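Q: quick one: sequence and predicted model below, then my questions.
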Amino acid sequence: QFKQISQAYEVLSDPKKRELYDKGGEQAIKEGGSGGGFGSPMDIFDMFFGGGGRMQRERRGNHVLSCGTFSTLPNLHKYPFSFTGKNVVHQLSVSLEDMYNGATRKLALQKNVICDKCEGRGGKKGAVECCPNCRGTGMQIRIHQIGPGMVQQIQSVCMECQGHGERISPKDRCKSCTGRKIVREKKILEVHIDKGMRDGQKITFHGEGDQEPGLEPGDIIIVLDQKDHSVFTRRDEDLLMSMDIQLVEALCGFQKPITTLDNRTIIITSHPGQVIKHGTMKFVLNEGMPIYRRPYEKGRLIIEFRVNFPENGFLSSDKLSLLEKLLPTRQEIEETEEMEQVDLVDFD
């Protein structure tokens, strides 16, 4: 492999050998006296140095095969040239009601599309020339020999063509896209939010991303961003809420209405004698979130009760005595001389 690298380096660094290879390929090099059995010098460097140059050629598709140095390299024709552009990600803010009931939202966005005036050429037919500085690769490559049988490849974006690999005379540039090959276009997407979808769930529009010559369009990915709700909190398929009740309700029972996310009203009941303690949690079956793709099945509605106690002095002494007789007896302690009385103070 070091021998192949050295031979490739000789071709790339020697202008005469490089010209021979451009005209007649490996056979021309052999007839010129170089010899050696290797394929494409660029293929060898792609293998050892990460393929940056090759990736630039692949991105430009067949454009590179028609221009400049190494246009006759046989191994370049083996690549399929089917590369995909970047995906575009958008966040869409949705309410908990949207995720409960399902919804359709329209999303307006700007995207790049191939210019239909020049069909993505950037100018008149035949006006696009390969950049002579980088020979259509979009990259400038410098190769240094750093030791016997060892070379180093340094590549950077070609400054003359800004990495495009080609140039167009200003007078021949497309008036619509000014040589950029693409134009901006407004796109309206209909985003269907299914019942039970979750915060962070992705909805993908395949092939709707930015267009670019030589590339398959990427996807537009919509990421759902659930807004906070004033009453309910979601936990998987369950809905959680807090409910304040008075002490009398906690002891003697109550009925409370709850408005659901689809605007129904359900009544929850605690019967007399069913004591609700502060922090008690109870649930109602099938009143939680719909299960994604099984919308007729739902999770639980979980309710945490917060008992509001009355303020100091809410009853007179005689009524307190009466209340004490009605409530369970309190624990009495037997004081001894070793015990001390202390006062309780409100903690702020």
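A: Looks like it came in fine.

Q: make it CA atoms for all contacts and neighbour counts henceforth
A: OK.

Q: contacts only, for G207.
A: E216, P217, G218, D219, I220 (C-alpha atoms under 8 Å, 6 or more residues apart in numbering).

Q: doesn't it fall inside a helix?
A: No. Per DSSP: H, G, I helix; E, B strand; the rest coil, G207 lies outside any helix segment and is coil.

Q: let me know the pLDDT of it.
A: G207 carries a pLDDT value of 94.

Q: distance check, it against K111.
A: Look at G207 and K111: by C-alpha to C-alpha, to the nearest Å, they are 12 Å apart.

Q: nearest spatial neighbour of the residue minimising distance to the centre of the chain, skipping sequence neighbours?
A: Among the residues of the chain, V89 comes closest to the average C-alpha position under C-alpha atoms, centre = their mean, at 5.5 Å. Leaving aside its sequence neighbours, V89 sits nearest to I221 (C-alpha to C-alpha, 6 or more residues apart in numbering; 4.7 Å).

Q: got the contact list for the host helix or strand of the one you found?
A: Using DSSP states H and E, the element containing I221 is strand 220-226. By C-alpha under 8 Å, 6+ apart, the list of residues contacting strand 220-226 from outside reads 87-96, 198-209.

Q: now with 10 Å?
A: With contact meaning C-alpha atoms under 10 Å, 6 or more residues apart in numbering, strand 220-226 is reached by 86-99, 107, 111, 189, 191, 193, 197-210, 234.

Q: just the residues you listed: which are in helices?
A: Members of the contacts of strand 220-226 lying in helices (criterion: DSSP state H): L96, E97, D98, M99.

Q: what is the burial count for M281?
A: 16 (other C-alpha atoms under 10 Å).

Q: need the contact list for it.
A: L240, M241, S242, M243, I302, I303, E304, F305, R306.

Q: among those, who's most crowded?
A: I302 (21 neighbours).

Q: please tell me how far the closest residue in space to L107 that isn't next to it in sequence sits from G196.
A: Spatial nearest neighbour of L107, chain neighbours left out: L189 (5.1 Å); criterion: C-alpha to C-alpha, 6+ apart. Separation of L189 from G196 (C-alpha to C-alpha) stands at 21 Å.

Q: now I114
A: From I114 to G196 the distance is 37 Å (C-alpha to C-alpha).

Q: of those two, who's got more company?
A: G196 (24 against 21).

Q: burial measure for the nearest residue to the more buried one once chain neighbours are set aside, as a count.
A: The shortest distance from G196 to any non-neighbouring residue, by C-alpha to C-alpha, 6+ apart, is to Y292 (4.2 Å). With neighbours defined by other C-alpha under 10 Å, the count for Y292 comes to 17.

Q: so what's Y292 up against?
A: Y292 touches M99, Y100, D194, K195, G196, M197, R198, E237, K298, counting by C-alpha under 10 Å, 6+ apart.

Q: which pLDDT value belongs to it?
A: 96.

Q: check G163 too.
A: Looking at G163, the pLDDT reads 82.

Q: my read: it touches M139, true?
A: Yes. Using C-alpha atoms under 10 Å, G163 is in contact with M139, at 6.1 Å.

Q: so for these two, which sits in the more crowded spot?
A: In this view G163 and M139 are compared by other C-alpha under 10 Å, and M139 has more residues nearby, 25 against 18.

Q: where does the stretch 101-250 of the chain dip in pLDDT?
A: By pLDDT under 70, the stretch 101-250 of the chain has no low-scoring segment.

Q: ok, which stretches of this structure are helices?
A: 2-13, 15-31, 41-49, 52-59, 96-101, 247-252, 317-326.

Q: now the weakest link among those helices, please, by mean pLDDT.
A: Note on the helices of the chain: lowest mean pLDDT is at helix 52-59, with a mean of 41.

Q: now the strand holding I221: how far from the chain's centre is it?
A: 8 Å (C-alpha atoms, centre = their mean, to the nearest Å).

Q: each with direction, which strands does it pair with?
A: strand 88-94 (parallel), strand 202-205 (antiparallel) (DSSP bridges).

Q: any chance of these in JSON lines with distance to P328 as columns?
A: Output for these, formatted as JSON lines (distance: least, C-alpha to C-alpha, whole Å):
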{"stretch": "strand 88-94", "distance to P328": "50"}
{"stretch": "strand 202-205", "distance to P328": "56"}
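
Q: sorry, back to before: now the residue nearest to V89: how far from S169?
A: Separation of I221 from S169 (C-alpha to C-alpha): 37 Å.

Q: neighbour count winner among these two?
A: Neighbours were counted for I221 and for S169 using other C-alpha under 10 Å; I221 has more, 19 against 12.

Q: partners of the more buried one in the sheet?
A: So, taking DSSP bridges as the rule, I221 has V89, T204 as bridge partners.
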